[in-house]
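1. Mind looking at a prediction? Sequence and model below.
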Amino acid sequence: MNNLGNLTFFCGKMGAGKSTQAKLIAKQTHGVLISEDEWLSAHFPEQIKSFDDYIHYANLIKPFVKTHVQRMLATGSHVVMDFPANTVKQRAWLHSLSDEINGQHKVIYLDVSNATCLAQIAKRRISEPERSHFDTEAMFHHVTQYFEPPKENEGLNIVLNKNAQ
């Protein structure tokens, strides 16, 4: 009998609603929500000024996050990761968190149009002004060039959501 918890993570363009969905699913499942933004701001306040800075610091926290998540999954806790799973490499890392301990996972793919993402980013600039220097149309287009929709051959349990907000 497998008493491990389940891991949920999200794929979707910037502004697709990944954080909103992560909070909702964590609440619905009584899961532990782990937010990359929270970890980065707690460990590296004021140090992330560019996309390259984000990549650097996001990679620094991964070993600690991995150990933390695997320990929670081993106790039977449901873990909801508010970390981007927008490239094959990001998804492989997130999948490894459960796969290495023979746990279960699902990736929720928020398939949202660019126009909807940009509209949601504009709203977020107002509701979260501290993010306004990153939440721009230029940053959306920069980040979106790296976006890779999940594919069946990645070995993931993919749940498609075309109605995310």
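-> On my side now, so go ahead.
2. tell me, what residue is most central in this protein?
-> When C-alpha atoms, centre = their mean is applied to the chain, the residue found nearest the centroid is F83 (2.3 Å).
3. list the contacts for that one?
-> Counting by C-beta atoms under 8 Å, 6 or more residues apart in numbering, F83 touches F9, I34, S35, E36, V65, Q90, L94. C-betas here are computed from N, CA, C, even on glycine.
4. for the longest helix that the chain contains, the distance to its chain's centre please.
-> Longest helix in the chain, counting residues (DSSP state H): helix 51-74. Offset of helix 51-74 from its chain centre (C-alpha atoms, centre = their mean, to the nearest Å): 11 Å.
5. Tell me which residues are up against that helix.
-> By C-beta under 8 Å, 6+ apart, helix 51-74 touches 4-7, 32, 34, 36, 39-40, 43-44, 47-48, 79, 81, 83, 93, 96-98, 100-101, 103, 139, 142-143.
6. The residues you listed in helices, which ones?
-> Of the positions in those, E36, W39, L40, H43, W93, S96, L97, S98, M139, H142, V143 sit in helices, assigned by DSSP H.
7. From those, keep the buried residues only.
-> Neighbour counting by 16 or more other C-beta atoms under 10 Å classes E36, W39, L40, W93, L97, S98, M139, V143 among those as buried.
8. Tell me which two in the residues you listed are the farthest apart.
-> S98 and M139 (30.2 Å; C-beta to C-beta).
9. Specify the angle between the longest helix of the chain and helix 36-43 in degrees.
-> 110 degrees (axes from the mean of the first three to the mean of the last three C-alpha atoms, to 10 degrees).
10. Which residue is the nearest non-sequential neighbour of R131?
-> R124 (6.3 Å; C-beta to C-beta, 6 or more residues apart in numbering).
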